[in-house]
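Undergrad: let me see the structure of the following:
(one chain, ligands or ions: 2)
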Amino acid sequence: MAENCVFCAIVEGRIPSHMVYEDEKTLAFLDIHPSALGHTLVIPKAHVARVEDLPEEDARSLFAALRKIVGRIQEAVGAPASTIGINNGRESGQEVPHVHIHVIPRNRGDSGGIIQGVSRSPQRLNDVEMARIANEIRERIKAV
Ligand code: AMP
Ligand code: ZN
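TA: Ligands and ions are numbered 1, 2, ... in the order given. Sure thing, here's the model as predicted:
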């Protein structure tokens, strides 16, 4: 647990939240500044800043919890869909350095965008460039 982390404080009950789900490793509660009705954050109870540092077991539990509750969230607010996303690192817009999955219920005509719209630097690469990037990534994955 991190002393000055707002989500750790919620896990420990030091500050209140509108909790919607809890299990041994995971908690879900309403976002205090909802982008849509039912906007929910799903978090590991352990204090980990970024997805890549999440222990595998916590990651499993986190995604299992997400899978369990996402449909229920949508039903509760009468939304047919949701956008699910993680701001991973400060440059992506992450303000709370404790991993959290945003579940944002979506409705037709809500004027929201798509995940691919978060970066406005579209890349037009040819096949050789695509292959080079894929190789750079593969080589690094092989090394871990
Ligand atoms: P971000 O780190 O940018 O992915 O987003 C952090 C999210 O946490 C924002 O959407 C905030 O509205 C939300 N948030 C911050 N403090 C609280 C809190 N005490 N209870 C619920 N949600 C919070
Ligand atoms: Zn924390």
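Undergrad: how about the residues of this structure that lie near ligand 1?
TA: 6, 15, 17, 31, 32, 33, 41, 87, 93, 94, 95, 96 (Cβ under 6 Å from any ligand atom). Bear in mind the C-beta positions are built from the backbone N, C-alpha and C, glycine included.
Undergrad: what count of nearby residues applies to the fifth one?
TA: Each residue near residue 32 was counted by other Cβ atoms under 10 Å, and the total is 10.
Undergrad: quick revisit: between which two of the residues of the chain next to ligand 1 is the distance greatest?
TA: Farthest-apart pair in those is 15 and 93; separation 22.3 Å (Cβ to Cβ).
Undergrad: apart from its neighbours in sequence, what residue is nearest residue 90?
TA: Excluding its sequence neighbours, the residue lying closest to residue 90 (Cβ to Cβ, 6 or more residues apart in numbering) is residue 97, at 7.9 Å.
Undergrad: phi, psi of that neighbour?
TA: Note on residue 97: its backbone torsions stand at phi -80, psi 50 [degrees, to the nearest 10].
Undergrad: picking up where we left off before, which among the residues of the chain next to ligand 1 gets closest to residue 57?
TA: Using Cβ to Cβ, residue 41 comes nearest to residue 57 of the residues of the chain next to ligand 1, at 20.1 Å.
Undergrad: how about the contacts made by that closest one?
TA: 7, 28, 29, 30, 31, 100, 101, 102, 103 (Cβ atoms under 8 Å, 6 or more residues apart in numbering).
Undergrad: what is the neighbour count of the fifth one?
TA: Pointing back at residue 31 there. Residue 31: 17 surrounding residues under other Cβ under 10 Å.
Undergrad: the last one too?
TA: Using other Cβ under 10 Å, residue 103 has 24 neighbouring residues.
Undergrad: please apply the same query to the first one.
TA: Using other Cβ under 10 Å, residue 7 has 23 neighbouring residues.
Undergrad: measure it to residue 84 for me?
TA: Per Cβ to Cβ, to the nearest Å, residue 7 is found 18 Å from residue 84.
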